[in-house]
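>>> missing the sequence, but the structure's below:
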Ligand SMILES: [Zn+2]
């Protein structure tokens, strides 16, 4: 994938996450630089729905803006840098204040997949609490120390919640991260409904593994690409969707 195509996906991801109510005025999505793994692309501090390719900045894992760009970056960019630093195979990160997940960040009720399309959120979704290491804060991840502390709690999982704040998901591509971010919100809403009729039957670890493998093995235009194509249309944007030779 060229850098131009990757930036196009980052822009589309912002618009999709806004259209699917995962982000509002806040939240962000990034992609690791394919040629400089210690850099990543992320928009300047703007609401995701307003972002165009001109708003994308290049930032080092430490959070420094490069290329003499003086525009204001997101305060919480350290979430992205710290995860890329800890996990070389992660290529994209989405952070949101996705509303339906919040109850699972402030109670003992654990968020877990209950429907097949939500399997990529993973069987274990840890909750990070800023209070545990940093005491009273404004709850935002505003330093690399906080980002690294969060990345440690996220571990090898695909998603983690932040107590009283939101959630962050990772992906091996922008499309995978967006898929997991959308379905984390969907699963949270459905789990909330199902919890009215206990006991709730969750996906087993075996089911989660098989479903995730099927998505990972999907051919072009299937799986994550199929969801992407739908969400682009739903968000009213023109974006790279089908690979030309398959039409
Ligand atoms: Zn946040």
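Noted; the coordinates are in hand. Given the structure is predicted, the values throughout are model-derived calculations rather than measurements.
>>> near the ion, which residues of the protein?
For the chain, the residues found near the ion under the criterion Cβ under 5 Å from the ion are 76, 166. Quick note: C-beta positions are derived from backbone N, CA and C, even for glycine.
>>> can you give me the strands for the chain?
28-32, 39-43, 56-60, 92-96, 127-128, 159-162, 166-171 (DSSP state E).
>>> ok, and for the top helix by length along the chain, which residues are buried?
Identified as the longest helix of the chain according to DSSP state H is helix 174-194. Going by neighbour count (16 or more other Cβ atoms under 10 Å), the buried part of helix 174-194 is 174-188, 190-191, 194.
>>> and that helix with strand 166-171, angle?
Angular relation of helix 174-194 and strand 166-171 on a 0 to 180 degree scale: 140 degrees, by axes from the mean of the first three to the mean of the last three Cα atoms, to 10 degrees.
>>> the strands of the chain: which one's closest to residue 16?
strand 28-32 (9.0 Å; Cβ to Cβ).
>>> what packs against that closest one?
The helices and strands touching strand 28-32, judged by 3 or more Cβ pairs under 8 Å, 6 or more residues apart in numbering; DSSP states H and E, are helix 3-19, strand 39-43, helix 78-86, strand 92-96, helix 174-194.
>>> could these go into CSV alongside mean pLDDT?
Formatted as CSV, these follow (pLDDT from 0 to 100):
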stretch, mean pLDDT
helix 3-19, 97
strand 39-43, 98
helix 78-86, 98
strand 92-96, 98
helix 174-194, 98
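>>> can these go into TSV with extra columns for distance to residue 54?
Conversion of the helices and strands packed on strand 28-32 to TSV gives the following (distance: least, Cβ to Cβ, whole Å):
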stretch	distance to residue 54
helix 3-19	9
strand 39-43	10
helix 78-86	20
strand 92-96	20
helix 174-194	18
